[in-house]
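A.B. asks: kindly return the folded structure for what I paste below:
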Amino acid sequence: MNTDKIRQEIRGLSDGKLFFNNAGSSLMPNVVVDSMIDYLQQEEQFGGYEIANRNAELLENFYLETAELINCKPFNIAFMTSATEAFAKALSSIIFKEGDVIITTVDDYISNQITFISLQKRLNVKIIRIKKLEDNELDLEDLENSIKQHQPKLVAVTHIPTNSGLIQDVGSVGKICRQYDVLYLADCCQSVGQMVVDVEKIGCDFLTATGRKFMRGPRGSGFLYVSDRVLEQDYAPVLLDMRGAHWSEYDNYELFKTAKRFEHWEVSYAAVLGMMEAVKYANAIGLDQIEDYNKKLAETLRINLAESGFKVLDIGKNLSAIVTFCGQDNDLENIQTVLKENNVFFSASYKHSALIDFTDKKVDGAVRLSPHYFNTLEEIEKVSEILRRSLK
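C.D. replies: Predicted structure coming up:
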């Protein structure tokens with residue numbers, strides 16, 4: 001992997017900033033931005049319908065590249081405007097009834113938790129959050145016992161929580177779900193683009209992802225993976241349009257066979273093209289190389305922060321390129337001030353975004369640095385020194 005070349009292909013780094021907010025919204029490669037501008041200029045001249053027709057084959061490459069990214073077939077992929085839309089579309093295809101059970105984790109993403117609570121309030125669906133072991137890993141025995149006891153309608157797990165570097169064992173969850181024939185939804189919003197994500201190894205029925213984070217695509221892009229068995233059983237979002245079905249009779253329709261049934265007709269095709277280029281760019285580098293390099297960056301940063309006296313909040317056997325920390329006195333404000341003064345791009349999570357996790361950790365929030373494969377070890381040392389000096 002040629003980091004120097006990769007950095008040269010990012011106009012966003014030309015001002016010398018230290019960019020460590022890839023878990024929020026990353027910097028796009030030039031080819032992503034250029035392809036979208038070119039497409040919009042074509043629309044400007046000839047109109048959206050004409051240009052979509054002219055570029056139909058190119059736009060279909062989105063499905064080919066994304067299928068290669070996560071090891072599935074192109075017909076399993078649907079373009080989405082965000083991971084949130086993907087999550088909502090997946091959930092809306094499941095007919096929940098009063099008393100149905102959703103099993104999730106204490107580390108599921110805030111929006112997912114709120115969605116589950118909404119279903120609880122509206123439909124009296126029951127939410128069960130499985131336990132964690134002392135090392136912060138999922139209690140898989142508790143998951144299996146909960147499945148046997150409650151026969152859930154759905155198991156939903158966030159691969160990497162946005163508020164923590166933890167990588168949850170989604171593959172083992174998948175094995176248990178397959179064993180008991182339970183629908184399984186994996187939120188891979190933070191893992192897609194920063195590490196290898198393989199739907200065959202995860203064993204999920206739905207997988208949701210966004211473009212703007214580690215995937216380095218544009219805002220307004222993402223995708224939904226839908227498994228063969230879900231497609232074969234005619235699952236579909238509750239609010240279909242002509243992208244999802246053929247109007248066959250006055251009062252009936254026939255579902256289309258592919259995951260495109262989860263799409264809506266009207267999307268930004270410039271965003272589809274930009275997302276395709278982002279996925280293609282990552283595929284060309286290789287997610288295995290990206291994952292190895294990102295681990296090295298994150299491990300170095302965690303060691304530096306701990307040795308400097310910061311409270312590193314990431315706990316687990318497998319940690320990602322999301323590094324969360326605070327001061328020994330739980331300070332966040334001074335850290336954020338110092339980072340801003342030194343042109344370091346970062347983000348912060350507060351207690352309301354990770355209510356259970358941060359309550360357990362006895363903190364009010366965390367500063368989040370999320371390096372990616374275009375960052376260098378020299379940048380890791382530089383931001384570590386900036387933070388080290390802030391403690392003096």
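A.B. asks: residue 372 reaches residue 214, doesn't it?
C.D. replies: Yes: the criterion here is C-beta atoms under 8 Å, and residue 372 meets it with residue 214 at 6.1 Å. For glycine as for every other residue, the C-beta is placed from the backbone atoms N, C-alpha and C.
A.B. asks: what residues are shared contacts of these two?
C.D. replies: Taking C-beta atoms under 8 Å, 6 or more residues apart in numbering as the criterion, residue 372 and residue 214 both touch 22, 26, 194, 321.
A.B. asks: the third one and residue 321 touch, don't they?
C.D. replies: Yes: using C-beta under 8 Å, residue 194 and residue 321 qualify as a contacting pair, with a distance of 5.2 Å.
A.B. asks: name the residues contacting each of those two.
C.D. replies: Joint contacts of residue 194 and residue 321 (C-beta under 8 Å, 6+ apart) are 22, 214, 294, 372.
A.B. asks: name the nearest residue to the second one, ignoring sequence neighbours.
C.D. replies: Translated: residue 214. Closest residue to residue 214 apart from its sequence neighbours, by C-beta to C-beta, 6 or more residues apart in numbering: residue 193 at 3.3 Å.
A.B. asks: can you get me a residue count around that neighbour?
C.D. replies: Neighbours of residue 193 under the rule other C-beta atoms under 10 Å: 30.
A.B. asks: helices or strands next to the lowest-mean-pLDDT helix or strand in the chain in the packing?
C.D. replies: Every helix and strand of the chain was ranked by mean pLDDT, DSSP states H and E. The lowest is helix 355-361, at a mean of 87. Contacts defined by 3 or more C-beta pairs under 8 Å, 6 or more residues apart in numbering; DSSP states H and E place helix 355-361 against no helix or strand at all.
A.B. asks: next secondary structure after that helix?
C.D. replies: strand 365-369 (DSSP states H and E).
A.B. asks: which elements pack onto that following strand?
C.D. replies: Using 3+ C-beta pairs under 8 Å, 6+ apart, the elements in contact with strand 365-369 are strand 323-326, helix 333-341, strand 347-350.
A.B. asks: can you give me the buried ones in the least confident helix or strand of the chain?
C.D. replies: Within helix 355-361, the residues that count as buried by 16 or more other C-beta atoms under 10 Å are 356, 357, 358, 361.
A.B. asks: name the residues that touch the longest helix anywhere in the chain?
C.D. replies: In the chain, with assignment by DSSP state H, the single longest helix is helix 287-308. With contacts defined as C-beta under 8 Å, 6+ apart, helix 287-308 is touched by 1, 3, 69, 165, 193-197, 282, 312, 314, 319-323, 325, 369, 371-373, 375, 377, 380-381, 383-384, 387-388, 391.
A.B. asks: so who does residue 37 touch?
C.D. replies: By C-beta under 8 Å, 6+ apart, residue 37 has no neighbours at all.
A.B. asks: now the element after the helix or strand harbouring it, going C-ward?
C.D. replies: Using DSSP H and E, residue 37 sits in helix 30-46. Note on helix 30-46: by DSSP H and E, the next helix or strand toward the C-terminus is helix 48-54.
A.B. asks: average pLDDT for that next one?
C.D. replies: In this model, helix 48-54 has a mean pLDDT of 96.
A.B. asks: can you pull out the helices in the stretch 51-200 of the chain?
C.D. replies: For the stretch 51-200 of the chain, applying DSSP state H, counting those that start in this stretch gives helices covering 56-70, 83-92, 110-123, 140-150, 170-179, 199-202.
A.B. asks: wait, isn't residue 91 in contact with residue 115?
C.D. replies: Yes: contact status for residue 91 versus residue 115: in contact at 6.6 Å, counting by C-beta under 8 Å.
A.B. asks: which positions within stretch 290-299 qualify as buried?
C.D. replies: Here stretch 290-299 shows 290, 291, 293, 294, 295, 297, 298 as buried, counting by 16+ other C-beta under 10 Å.
A.B. asks: whoops, stretch 137-144 was the one
C.D. replies: 137, 138, 140, 142, 143, 144.
A.B. asks: show me the contact partners of stretch 167-178.
C.D. replies: Residues contacting stretch 167-178 (C-beta under 8 Å, 6+ apart): 105, 107, 137-138, 140, 143-144, 147, 155, 157-161, 182-184, 186, 188, 191, 195, 201-204, 316, 318-320.
A.B. asks: one step back: could you check which of residue 372 and residue 214 has the larger neighbour count?
C.D. replies: Neighbours per residue, other C-beta under 10 Å: of residue 372 and residue 214, the larger number sits with residue 214, 28 against 24.
A.B. asks: tell me which residues touch the more buried one, please.
C.D. replies: Taking C-beta under 8 Å, 6+ apart, one finds 22, 23, 26, 190, 191, 192, 193, 194, 321, 370, 372 in contact with residue 214.
A.B. asks: try 7 Å this time
C.D. replies: 22, 26, 190, 192, 193, 194, 372 (C-beta atoms under 7 Å, 6 or more residues apart in numbering).
A.B. asks: same thing with residue 226?
C.D. replies: 76, 78, 206, 259, 262.
A.B. asks: of those - the most surrounded one?
C.D. replies: residue 262 (30 neighbours).
A.B. asks: gap between that residue and residue 185?
C.D. replies: 13 Å (C-beta to C-beta, to the nearest Å).
A.B. asks: and stretch 112-119, which residues are buried?
C.D. replies: Applying 16+ other C-beta under 10 Å to stretch 112-119 flags 112, 113, 115, 116, 119 as buried.
A.B. asks: once you drop chain neighbours, what's closest to the last one?
C.D. replies: If you skip the residues right next to it in sequence, residue 119 has residue 125 as its closest partner in space, 4.4 Å away by C-beta to C-beta, 6+ apart.
A.B. asks: who's in contact with that neighbour?
C.D. replies: Contacts of residue 125 (C-beta under 7 Å, 6+ apart): 96, 100, 102, 119.
A.B. asks: if we can go back for a sec, now do the least confident helix or strand of the chain: everything it contacts.
C.D. replies: Contacts for helix 355-361 (C-beta under 7 Å, 6+ apart): 106, 107, 161, 163, 164, 313, 351, 364, 365.
A.B. asks: cheers, nothing more for now.
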